[in-house]
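Chemist: Predicted model follows, preceded by the sequence.
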Amino acid sequence: MDYEYENGCFRNIFRSFVCVTLSLLLGLQVYAYFWGPSQDALEGDFSDIRYVVMQLTQGLTEVNRKHERLHGEMERISSALPVVAAAADRARDALQPSLRRNGRNTLDIQDYDRQMVDYALESAGARILDTGDTMDHVIYESPVGWVLHNLVGMLCSECLGARAIIRPESLPGECWAFKGSRGEVTIRLLGIVRITGISVEHISPHIAPTREISSAPRLLQIEGLEFRKDPFPHDFGSFEYDKDGKPIQYFQVLYPSPKGHSIVRLRVLSNWGHPVYTCVYRIRVHGDLATRISVTEEPDLRIENE
(Lines give C-alpha, C1' and ligand atoms only; values in the text may rest on other atoms or scores of the structure.)
Protein backbone atom coordinates (compact mmCIF):
# COMPACT_ATOMS: atom_id res chain seq x y z
CA MET A 1 0.00 0.00 0.00
CA ASP A 2 2.76 2.34 0.93
CA TYR A 3 4.53 1.63 -2.35
CA GLU A 4 1.51 2.36 -4.43
CA TYR A 5 0.93 5.52 -2.45
CA GLU A 6 4.50 6.69 -2.98
CA ASN A 7 4.35 5.70 -6.62
CA GLY A 8 1.13 7.60 -7.15
CA CYS A 9 2.61 10.67 -5.39
CA PHE A 10 5.69 10.51 -7.57
CA ARG A 11 3.58 10.31 -10.68
CA ASN A 12 1.55 13.30 -9.56
CA ILE A 13 4.67 15.32 -8.81
CA PHE A 14 6.21 14.37 -12.16
CA ARG A 15 2.99 15.21 -13.94
CA SER A 16 2.87 18.57 -12.19
CA PHE A 17 6.55 19.25 -13.06
CA VAL A 18 5.88 18.41 -16.72
CA CYS A 19 2.81 20.64 -16.76
CA VAL A 20 4.69 23.49 -15.15
CA THR A 21 7.65 23.03 -17.51
CA LEU A 22 5.41 22.88 -20.51
CA SER A 23 3.52 25.92 -19.26
CA LEU A 24 6.80 27.82 -18.82
CA LEU A 25 8.02 26.82 -22.27
CA LEU A 26 4.68 27.78 -23.78
CA GLY A 27 4.75 31.07 -21.92
CA LEU A 28 8.28 31.75 -23.12
CA GLN A 29 7.22 31.01 -26.68
CA VAL A 30 4.21 33.28 -26.40
CA TYR A 31 6.40 36.01 -24.81
CA ALA A 32 9.02 35.62 -27.52
CA TYR A 33 6.35 35.67 -30.18
CA PHE A 34 4.56 38.79 -28.93
CA TRP A 35 7.36 40.78 -27.21
CA GLY A 36 10.57 39.76 -28.89
CA PRO A 37 10.14 41.63 -32.25
CA SER A 38 8.95 44.81 -30.53
CA GLN A 39 12.07 44.90 -28.39
CA ASP A 40 14.25 44.48 -31.51
CA ALA A 41 12.40 47.30 -33.28
CA LEU A 42 12.70 49.48 -30.23
CA GLU A 43 16.42 48.78 -30.05
CA GLY A 44 16.67 49.65 -33.75
CA ASP A 45 14.82 52.95 -33.17
CA PHE A 46 17.10 53.80 -30.29
CA SER A 47 20.08 53.02 -32.48
CA ASP A 48 18.77 55.34 -35.22
CA ILE A 49 18.09 58.07 -32.68
CA ARG A 50 21.57 57.72 -31.25
CA TYR A 51 23.06 57.94 -34.75
CA VAL A 52 21.03 61.06 -35.62
CA VAL A 53 21.97 62.70 -32.32
CA MET A 54 25.62 61.89 -32.96
CA GLN A 55 25.45 63.39 -36.47
CA LEU A 56 23.72 66.52 -35.17
CA THR A 57 26.34 66.88 -32.47
CA GLN A 58 29.13 66.61 -35.01
CA GLY A 59 27.38 69.13 -37.29
CA LEU A 60 26.89 71.61 -34.46
CA THR A 61 30.55 71.23 -33.50
CA GLU A 62 31.61 71.97 -37.09
CA VAL A 63 29.29 74.99 -37.27
CA ASN A 64 30.74 76.28 -34.01
CA ARG A 65 34.28 75.92 -35.39
CA LYS A 66 33.32 77.78 -38.58
CA HIS A 67 31.64 80.50 -36.53
CA GLU A 68 34.81 80.94 -34.51
CA ARG A 69 36.91 81.16 -37.68
CA LEU A 70 34.47 83.67 -39.21
CA HIS A 71 34.53 85.73 -36.04
CA GLY A 72 38.31 85.79 -36.19
CA GLU A 73 38.25 86.88 -39.84
CA MET A 74 35.77 89.64 -39.04
CA GLU A 75 38.00 90.92 -36.27
CA ARG A 76 41.00 90.96 -38.63
CA ILE A 77 38.96 92.77 -41.29
CA SER A 78 37.71 95.31 -38.76
CA SER A 79 41.25 95.98 -37.60
CA ALA A 80 42.37 96.41 -41.24
CA LEU A 81 39.55 98.78 -42.27
CA PRO A 82 41.24 101.98 -41.01
CA VAL A 83 44.38 101.09 -42.97
CA VAL A 84 42.34 100.37 -46.12
CA ALA A 85 40.41 103.63 -45.72
CA ALA A 86 43.64 105.58 -45.34
CA ALA A 87 45.09 103.88 -48.44
CA ALA A 88 41.90 104.68 -50.41
CA ASP A 89 42.15 108.33 -49.39
CA ARG A 90 45.77 108.46 -50.50
CA ALA A 91 44.88 106.82 -53.83
CA ARG A 92 42.01 109.23 -54.37
CA ASP A 93 44.26 112.19 -53.65
CA ALA A 94 46.88 110.80 -56.03
CA LEU A 95 44.31 110.35 -58.81
CA GLN A 96 42.82 113.82 -58.42
CA PRO A 97 43.60 115.89 -61.53
CA SER A 98 45.99 118.31 -59.89
CA LEU A 99 48.21 118.92 -62.90
CA ARG A 100 48.40 122.62 -63.70
CA ARG A 101 49.65 123.84 -67.03
CA ASN A 102 49.17 127.51 -67.92
CA GLY A 103 46.62 127.79 -65.17
CA ARG A 104 44.66 124.73 -66.37
CA ASN A 105 43.17 121.95 -64.29
CA THR A 106 41.82 118.88 -66.07
CA LEU A 107 38.52 117.76 -64.65
CA ASP A 108 36.07 115.06 -65.65
CA ILE A 109 33.66 114.68 -62.78
CA GLN A 110 30.27 113.05 -63.01
CA ASP A 111 27.42 115.59 -62.62
CA TYR A 112 29.93 118.38 -63.21
CA ASP A 113 27.17 120.96 -63.66
CA ARG A 114 25.82 120.16 -60.21
CA GLN A 115 29.13 120.90 -58.54
CA MET A 116 30.21 124.15 -60.23
CA VAL A 117 27.88 127.02 -61.10
CA ASP A 118 27.76 127.92 -64.78
CA TYR A 119 26.84 131.56 -65.35
CA ALA A 120 26.79 131.09 -69.13
CA LEU A 121 24.01 128.49 -69.13
CA GLU A 122 21.18 129.39 -71.50
CA SER A 123 18.47 127.75 -69.42
CA ALA A 124 19.51 129.92 -66.45
CA GLY A 125 19.22 133.16 -68.41
CA ALA A 126 22.43 133.56 -70.42
CA ARG A 127 22.31 134.12 -74.17
CA ILE A 128 24.46 134.49 -77.26
CA LEU A 129 24.79 138.13 -78.41
CA ASP A 130 26.76 137.69 -81.63
CA THR A 131 29.53 135.76 -83.31
CA GLY A 132 31.26 138.61 -85.11
CA ASP A 133 32.51 137.64 -88.55
CA THR A 134 32.63 133.94 -87.73
CA MET A 135 30.86 131.80 -90.32
CA ASP A 136 29.13 128.57 -89.40
CA HIS A 137 30.26 125.38 -91.04
CA VAL A 138 27.18 123.85 -92.62
CA ILE A 139 26.90 121.07 -95.17
CA TYR A 140 24.25 122.22 -97.62
CA GLU A 141 22.17 119.60 -99.35
CA SER A 142 20.79 122.07 -101.90
CA PRO A 143 21.25 125.69 -103.07
CA VAL A 144 17.97 126.55 -101.35
CA GLY A 145 19.38 125.41 -98.00
CA TRP A 146 22.47 127.59 -98.54
CA VAL A 147 20.32 130.66 -99.31
CA LEU A 148 18.05 130.10 -96.30
CA HIS A 149 20.97 129.64 -93.93
CA ASN A 150 22.68 132.84 -95.05
CA LEU A 151 19.40 134.75 -94.88
CA VAL A 152 18.79 133.61 -91.31
CA GLY A 153 22.38 134.49 -90.40
CA MET A 154 21.96 138.05 -91.66
CA LEU A 155 18.63 138.62 -89.92
CA CYS A 156 19.35 136.94 -86.58
CA SER A 157 22.96 136.66 -85.50
CA GLU A 158 22.05 135.08 -82.14
CA CYS A 159 20.07 132.37 -83.93
CA LEU A 160 23.25 130.81 -85.26
CA GLY A 161 24.60 127.50 -84.08
CA ALA A 162 26.71 129.12 -81.36
CA ARG A 163 23.81 128.59 -78.92
CA ALA A 164 24.97 124.98 -78.67
CA ILE A 165 27.92 126.03 -76.50
CA ILE A 166 25.70 127.30 -73.67
CA ARG A 167 23.38 124.30 -73.64
CA PRO A 168 23.93 121.11 -71.60
CA GLU A 169 23.89 118.70 -74.54
CA SER A 170 27.30 117.36 -75.53
CA LEU A 171 26.71 114.37 -77.78
CA PRO A 172 28.73 113.91 -80.97
CA GLY A 173 27.63 116.57 -83.45
CA GLU A 174 25.81 118.75 -80.90
CA CYS A 175 28.36 121.57 -81.11
CA TRP A 176 29.04 124.92 -82.66
CA ALA A 177 30.99 124.25 -85.85
CA PHE A 178 32.50 127.22 -87.64
CA LYS A 179 34.69 127.50 -90.68
CA GLY A 180 38.44 127.57 -90.28
CA SER A 181 40.43 127.55 -87.08
CA ARG A 182 39.61 131.04 -85.78
CA GLY A 183 36.32 132.35 -84.47
CA GLU A 184 34.68 134.29 -81.68
CA VAL A 185 31.42 134.45 -79.75
CA THR A 186 30.05 137.04 -77.32
CA ILE A 187 27.98 135.72 -74.42
CA ARG A 188 25.69 137.65 -72.13
CA LEU A 189 25.93 136.07 -68.67
CA LEU A 190 22.94 135.74 -66.36
CA GLY A 191 24.31 138.54 -64.18
CA ILE A 192 27.35 140.56 -63.22
CA VAL A 193 29.94 137.93 -62.34
CA ARG A 194 33.41 138.20 -60.81
CA ILE A 195 34.92 135.61 -63.09
CA THR A 196 37.44 133.19 -61.61
CA GLY A 197 37.61 130.52 -64.29
CA ILE A 198 36.06 128.85 -67.31
CA SER A 199 35.50 125.25 -68.40
CA VAL A 200 35.85 124.04 -71.97
CA GLU A 201 34.24 120.76 -73.01
CA HIS A 202 34.76 118.61 -76.07
CA ILE A 203 33.83 115.00 -76.76
CA SER A 204 36.32 112.24 -76.10
CA PRO A 205 37.97 110.63 -79.15
CA HIS A 206 36.58 107.29 -77.91
CA ILE A 207 33.03 108.36 -78.86
CA ALA A 208 33.94 110.46 -81.91
CA PRO A 209 32.81 108.80 -85.16
CA THR A 210 36.28 109.31 -86.68
CA ARG A 211 38.12 108.37 -83.45
CA GLU A 212 40.00 111.68 -83.55
CA ILE A 213 39.20 115.24 -82.45
CA SER A 214 41.50 117.44 -84.54
CA SER A 215 38.57 119.88 -84.84
CA ALA A 216 38.74 120.61 -81.09
CA PRO A 217 39.80 124.16 -80.16
CA ARG A 218 43.38 124.50 -79.02
CA LEU A 219 44.27 128.05 -78.01
CA LEU A 220 41.46 130.14 -76.49
CA GLN A 221 41.25 133.64 -75.10
CA ILE A 222 38.65 135.06 -72.69
CA GLU A 223 37.75 138.74 -72.47
CA GLY A 224 35.39 140.64 -70.19
CA LEU A 225 33.33 143.47 -71.67
CA GLU A 226 31.65 146.43 -70.00
CA PHE A 227 29.13 146.65 -72.83
CA ARG A 228 28.53 144.95 -76.13
CA LYS A 229 30.92 147.03 -78.30
CA ASP A 230 33.48 147.69 -75.57
CA PRO A 231 36.72 148.65 -77.38
CA PHE A 232 38.87 148.00 -74.30
CA PRO A 233 37.89 144.59 -72.92
CA HIS A 234 39.61 143.03 -69.93
CA ASP A 235 41.87 140.16 -70.95
CA PHE A 236 41.51 137.21 -68.56
CA GLY A 237 44.25 135.28 -70.33
CA SER A 238 44.80 132.62 -72.96
CA PHE A 239 44.48 128.89 -72.37
CA GLU A 240 45.27 125.71 -74.26
CA TYR A 241 42.75 122.88 -74.44
CA ASP A 242 44.54 119.53 -74.35
CA LYS A 243 42.92 117.16 -76.84
CA ASP A 244 44.54 114.21 -75.05
CA GLY A 245 43.23 115.31 -71.66
CA LYS A 246 39.86 115.01 -70.00
CA PRO A 247 36.73 115.99 -71.97
CA ILE A 248 36.00 118.79 -69.46
CA GLN A 249 38.96 121.01 -68.65
CA TYR A 250 38.90 123.85 -66.14
CA PHE A 251 41.03 126.97 -66.60
CA GLN A 252 41.63 129.43 -63.82
CA VAL A 253 41.84 132.99 -65.13
CA LEU A 254 45.38 134.29 -65.32
CA TYR A 255 44.49 137.96 -64.86
CA PRO A 256 41.49 138.31 -62.53
CA SER A 257 39.46 141.50 -62.57
CA PRO A 258 38.47 143.26 -59.34
CA LYS A 259 35.07 144.06 -60.80
CA GLY A 260 32.41 141.87 -62.31
CA HIS A 261 31.40 141.52 -65.94
CA SER A 262 28.07 140.65 -67.49
CA ILE A 263 29.48 140.03 -70.99
CA VAL A 264 32.35 137.81 -72.02
CA ARG A 265 33.90 137.14 -75.39
CA LEU A 266 35.47 133.82 -76.26
CA ARG A 267 38.06 133.88 -79.00
CA VAL A 268 39.26 130.63 -80.57
CA LEU A 269 42.72 131.32 -81.95
CA SER A 270 43.57 127.85 -83.29
CA ASN A 271 42.43 124.24 -83.39
CA TRP A 272 44.24 120.90 -83.31
CA GLY A 273 44.85 120.67 -87.04
CA HIS A 274 41.53 120.23 -88.79
CA PRO A 275 41.82 122.11 -92.12
CA VAL A 276 38.13 122.82 -92.66
CA TYR A 277 36.32 123.66 -89.43
CA THR A 278 36.48 123.87 -85.62
CA CYS A 279 33.94 122.49 -83.14
CA VAL A 280 33.19 123.96 -79.72
CA TYR A 281 30.87 121.83 -77.59
CA ARG A 282 30.43 123.67 -74.31
CA ILE A 283 31.69 126.76 -72.54
CA ARG A 284 31.07 127.32 -68.82
CA VAL A 285 31.85 130.50 -66.94
CA HIS A 286 32.53 130.25 -63.20
CA GLY A 287 32.92 132.80 -60.45
CA ASP A 288 30.86 134.73 -57.92
CA LEU A 289 27.58 136.40 -58.79
CA ALA A 290 27.55 140.08 -57.84
CA THR A 291 24.21 141.16 -59.33
CA ARG A 292 21.45 139.22 -61.04
CA ILE A 293 20.34 141.02 -64.21
CA SER A 294 16.69 140.83 -65.19
CA VAL A 295 16.00 143.68 -67.64
CA THR A 296 18.21 146.19 -69.44
CA GLU A 297 17.24 149.24 -71.34
CA GLU A 298 18.58 147.90 -74.64
CA PRO A 299 16.07 145.50 -76.24
CA ASP A 300 18.80 143.28 -77.68
CA LEU A 301 20.35 142.81 -74.24
CA ARG A 302 17.18 141.97 -72.41
CA ILE A 303 17.18 138.84 -70.25
CA GLU A 304 13.97 137.69 -68.67
CA ASN A 305 13.70 136.42 -65.12
CA GLU A 306 13.84 132.69 -64.47
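Modeler: All right, it came through fine. Predicted, not measured: the structure shown is a model, and the values here were computed from it. Residues are numbered from 1 along each chain as shown.
Chemist: Run through the stretch 201-306 of the chain and note the low-pLDDT ranges.
Modeler: Applying pLDDT under 70 to the stretch 201-306 of the chain flags residues 293-306.
Chemist: Strands of that one, residue ranges please.
Modeler: 217-225, 234-240, 248-252, 261-271, 277-280, 282-292 (DSSP state E, counting those that start in this stretch).
Chemist: can you tell which of the ones you listed is closest to Ser181?
Modeler: strand 261-271 (4.4 Å; C-beta to C-beta). Where C-beta positions appear, they are placed from N, C-alpha and C, glycine not excepted.
Chemist: Let me know the distance separating the closest residue in space to Pro247 that isn't next to it in sequence from Ile213.
Modeler: Closest residue to Pro247 apart from its sequence neighbours, by C-beta to C-beta, 6 or more residues apart in numbering: Ser204 at 5.0 Å. For Ser204, the distance to Ile213 (C-beta to C-beta, to the nearest Å) stands at 8 Å.
Chemist: any shared contact partners between those two?
Modeler: Counting by C-beta atoms under 8 Å, 6 or more residues apart in numbering, Ser204 and Ile213 have no common neighbour.
Chemist: Looking at the two, which is more packed in?
Modeler: Ile213 (23 against 13; other C-beta atoms under 10 Å).
Chemist: Wait, the more buried one touches His202, no?
Modeler: Yes. Taking contacts as C-beta atoms under 8 Å, Ile213 lies within contact range of His202: 6.1 Å.
Chemist: overlap in contacts of the two?
Modeler: With C-beta under 8 Å, 6+ apart, Ile213 and His202 have common neighbours Lys243.
Chemist: one step back: ranking the strands of the stretch 201-306 of the chain by burial, who's on top?
Modeler: Among the strands of the stretch 201-306 of the chain, strand 277-280 has the highest mean neighbour count (mean count of other C-beta atoms under 10 Å), at a mean of 24.
Chemist: In its sheet, which strands sit next to that one, and in what direction?
Modeler: strand 176-179 (antiparallel) (DSSP bridges).
Chemist: who's in contact with the partner strand?
Modeler: Contacts of strand 176-179 (C-beta under 8 Å, 6+ apart): 131, 134-138, 160-165, 185, 215, 268, 276-281.
Chemist: List only buried entries from these.
Modeler: Buried residues within the contacts of strand 176-179, defined by neighbour count using 16 or more other C-beta atoms under 10 Å: 131, 134, 136-138, 160-162, 164-165, 185, 215, 268, 277-281.
Chemist: sorry, back to before: distance of the residue nearest to Pro247 relative to Gln249?
Modeler: From Ser204 across to Gln249, the span is 12 Å (C-beta to C-beta).
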